[in-house]
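**Q** model the following, please.
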Amino acid sequence: MANPQVQNDALLSANELQLSFGKDPVLDGATLAIYPGEKAGLVGRNGCGKSSFLRIVGGEETADEGIVSRKQGLVVGYLPQEFQLDDELTVEENIRAGAADLIAAIERYESGEEMGDAESERLLHTIEHADGWNLEQRIETLMRSLSTPSGDRTVGPLSGGEKRRVGLCRALVAEPDLLILDEPTNHLDAEAIAWLETYLAGSKCACLFVTHDRYFLDRIATRIVELSDGRFFSHDGNYSDYLIAKDERVEREQASEHKRQRFLSREIEWVRAGVKARGTKQRNRLDNYYAVKAQKAPERELNMDLVIPTPPRLANIVVDLKEVGHFYDQDPLFVGIDLEFQAGECVGVVGPNGAGKTTMLKILMGELEPSAGSVKIGKRTEFNYVDQTRLELDEDKSVLEEVAQNLDFVKFGDESISVRAYLQRFLFTDDRINDRIGNLSGGEKNRVLLAKILRRGGNFLVLDEPTNDLDLQTLRVLEEALINFEGTALVVSHDRWFLDRVCDRVIVFDGKGDLGIHEGNYSYYLEKRRAYDAVAAAAKPKAVKKKKETPAKAEKPRKLKWKEERELEGMEDAILEAETEVEEIEAKLNDPQFFVDHAVEAAALAAGLEEKKAGVKALYARWEELEAIRLAFEAG
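**A** Residues are numbered from 1 along each chain as shown. You can find the predicted model right below:
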């Protein structure tokens, strides 16, 4: 189905693709072109056909009808959702397989074989176009930046997350003209995601990608392509631009549909009257009626409702951790955790893979004894753990059978609702509720798992990477559910947008045995971390050239005084309080009704705002000063 000729300057184009699974059309005349250098984010509901489309343009599947055309000589790097590595080969050998053609070109060019000038020039162009002379350095950089296992390790025993990072390296290594990435940020920690964002933003290659990471979409995408009802809708700009453009598009579609229904309502009486269409005008009028009636109405978006059952009431003590630590072979995984959970709060957990996040979850739930410290679990605390590996689904059962588990109702607080109504809250239509699990997409299976797990209830939700493979609409509703959840939630996630929306504070593992507990959401933590890094960089002694004469003895950096230490300890809370006051004043001044009710106070409040802002700056300056003294003393 591939056609080497591509219209205009597109790298790849898909024209009038048709694809159906059984009676359900997935692609219905879908047409899309990808141009050099652009970064196109593909979005749409789970099960709408995003991954199927990527497999088709990636050359792994064939559409029922339609043509995929590629520019001659196009080099494609592809990371599918269900990727395949050679388990018998090492990490580095699998990564090199992604640049097999490039390596072959380099070996042939350097072999000294006799070849014509044209062949030699072609090989040299291929090598230089892919920056082949820096291949070894690029492999090393990719493995380090994406934290892959050691290059000599065999791939077979690696975890799913480790294999995915190897697969991503393999897709990037050949410096392709077009990257096709299906959920590239899954199983990557925050630092690796930040590196990938920087890499893609600075790369000349085009990229077509599917991701649930909305910050990634916002920072990388130059165009958002929505797959809806089997067709593509393109919106220039990033994810934020797309949300605005989509609202405008839906309004236009609704206005057009309203106009169509009004026309049909007016004409229906004339048609029912049975007027014989003898004249040309009458025949045209009747033909026009049936043509308008045959038009398909825009697909009505289903809205997911609250998905978390009302929790039982918590006691005063939820879970308390005192000086908790854990060791593996005498090496500390983490130490000295002091943490008290409160009812109604959501705590985020971030950190590199292998830092001990999942171990901490098992300790606080009482499933694993800590090496040091104590854990006190409240008498009314009921855990509901959504594991990374989730539960196994029976592919032969229907969605209803798998979730119902021989029960007809789901408990929602003091009320009960039918399992069918419960599943409708997860966007399963009546026909999909009775469909086999084996016929569902990966995202739909994930929603079944969430429905199955969350129906167990509980007042302390422990969610380990709950956002993997969920579509954006489902993510937004899960966020709303967590925000309104009256119990306690602990969420391990690399999804920064998700963490920003739901978290009241963040626990950060650094992968070296230390962890910090920070009030506020993830972006606030990053802001403080950048400020801290800037202070640390400023305090680091700079190298100076040696002079011939003997330099004067440097004065030893002083230690913080006791009062200064207490001031530094309370600085974070003081800054947070000062910033909150500024936000409250700004909210008042941005409210038009405030000027109506409190016109006299407005001027004084505005003047006080500038004073408060100056106070915040002064606190940050003082914080930097105290940190510089502390770091200089520790370095000395």
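
**Q** all strands for the stretch 251-400 of the chain, in order.
**A** When assigned using DSSP state E, counting those that start in this stretch, the strands of the stretch 251-400 of the chain occupy the ranges 319-328, 331-340, 346-350, 372-377, 383-386.

**Q** gap between the second one and the chain center?
**A** Between the centre of strand 331-340 and the centre of its chain there are 28 Å (Cα atoms, centre = their mean, to the nearest Å).

**Q** with the shortest one instead?
**A** The gap between the average C-alpha position of strand 383-386 and the chain average comes to 22 Å, counting by Cα atoms, centre = their mean.

**Q** hmm, who's touching that strand?
**A** If you take Cβ atoms under 8 Å, 6 or more residues apart in numbering as the criterion, strand 383-386 is touched by 361, 365, 450, 453-454, 456-458, 460-464, 466. Every residue, glycine included, has its C-beta placed from N, CA and C.

**Q** buried stuff in stretch 47-59?
**A** Neighbour-count burial for stretch 47-59, counted by 16 or more other Cβ atoms under 10 Å, picks out 47, 48, 49, 50, 51, 52, 53, 54, 55, 56, 57, 58.

**Q** ah, wrong one, I meant stretch 376-387
**A** Neighbour counts using 16+ other Cβ under 10 Å place 377, 378, 380, 381, 382, 383, 384, 385, 386 of stretch 376-387 among the buried residues.

**Q** let me know the pLDDT of residue 166.
**A** pLDDT for residue 166: 93.

**Q** roughly how far does it sit from residue 158?
**A** Separation of residue 166 from residue 158 (Cβ to Cβ, to the nearest Å) stands at 7 Å.

**Q** same check, this time on residue 68
**A** Following Cβ to Cβ, the distance that separates residue 68 from residue 158 is 33 Å.

**Q** straight-line length of stretch 399-416, end to end?
**A** Length of stretch 399-416, first residue to last, Cα to Cα, to the nearest Å: 19 Å.

**Q** so how far is it from its chain's centroid?
**A** Relative to its parent chain, stretch 399-416 has a centroid offset of 30 Å by Cα atoms, centre = their mean.

**Q** what sits up against that stretch?
**A** Taking Cβ under 8 Å, 6+ apart as the rule, stretch 399-416 contacts 309-310, 393-394, 417-420, 422-423, 428, 432-435, 437, 440, 448, 451-452, 455, 457.

**Q** what about those, which are in strands?
**A** Using DSSP state E, the members of the contacts of stretch 399-416 that fall in strands are 417, 418.

**Q** buried subset of the contacts of stretch 399-416?
**A** 309-310, 393, 419-420, 422-423, 428, 432-433, 435, 437, 440, 448, 451-452, 455, 457.

**Q** just the ones of these in helices?
**A** Mapping the buried ones among the contacts of stretch 399-416 onto helices (DSSP state H) picks out 419, 420, 422, 423, 432, 433, 448, 451, 452.

**Q** ok, the fourth one to residue 46 distance?
**A** To residue 46, residue 423 is 14 Å away according to Cβ to Cβ.

**Q** what do you get for residue 532?
**A** Distance, residue 532 to residue 46, by Cβ to Cβ: 39 Å.

**Q** mind checking which of the two has more residues around it?
**A** Neighbour count, other Cβ atoms under 10 Å: between residue 532 and residue 46, residue 46 has more, with 22 against 14.

**Q** quick check: that one touching residue 474?
**A** Yes - distance between residue 46 and residue 474: 6.8 Å, which falls inside the contact criterion (Cβ atoms under 8 Å).

**Q** run a quick neighbour tally on the residue lying closest to residue 158 once chain neighbours are set aside.
**A** The shortest distance from residue 158 to any non-neighbouring residue, by Cβ to Cβ, 6 or more residues apart in numbering, is to residue 149 (6.0 Å). Look at residue 149: counted by other Cβ under 10 Å, it has 18 neighbours.

**Q** could you pull out the helices for the stretch 151-300 of the chain?
**A** 160-172, 190-202, 214-220, 239-272, 280-294 (DSSP state H, counting those that start in this stretch).

**Q** which positions within the fourth one qualify as buried?
**A** Looking back up the chat, that one is helix 239-272. Going by neighbour count (16+ other Cβ under 10 Å), the buried part of helix 239-272 is 239, 241, 242, 245, 246, 249, 267.

**Q** who are the packing partners of that helix?
**A** If you count contacts as 3 or more Cβ pairs under 8 Å, 6 or more residues apart in numbering; DSSP states H and E, helix 239-272 packs onto strand 39-43, helix 214-220, strand 223-228, strand 231-236, helix 280-294.

**Q** mind checking which of the ones you listed is nearest residue 520?
**A** helix 214-220 (16.7 Å; Cβ to Cβ).

**Q** need the contact partners of that closest one.
**A** The contact list for helix 214-220, computed with Cβ under 8 Å, 6+ apart, reads 39, 41, 43, 185, 193, 196-197, 200-201, 207, 209, 211, 224, 238-240, 472, 475, 495-497.

**Q** what residues are up against residue 241?
**A** By Cβ under 8 Å, 6+ apart, the neighbours of residue 241 are 224, 235.

**Q** which pLDDT value goes with it?
**A** pLDDT, residue 241: 86.

**Q** tell me who's in contact with residue 255.
**A** Counted by Cβ under 8 Å, 6+ apart, residue 255 has zero contacts.

**Q** so where is the stretch 51-200 of the chain shaky, pLDDT-wise?
**A** Applying pLDDT under 70 to the stretch 51-200 of the chain flags no residue at all.

**Q** just so I have it, where are all the strands in it?
**A** Using DSSP E, counting those that start in this stretch, the strands of the stretch 51-200 of the chain run over residues 65-70, 76-79, 178-182.

**Q** and what of the stretch 451-600 of the chain?
**A** Along the stretch 451-600 of the chain, counting by DSSP E, counting those that start in this stretch, strands occupy 460-464, 488-492, 505-509, 515-519.

**Q** and residue 339, which of these is closest to it?
**A** Of all those, strand 515-519 comes closest under Cβ to Cβ, at 6.6 Å.
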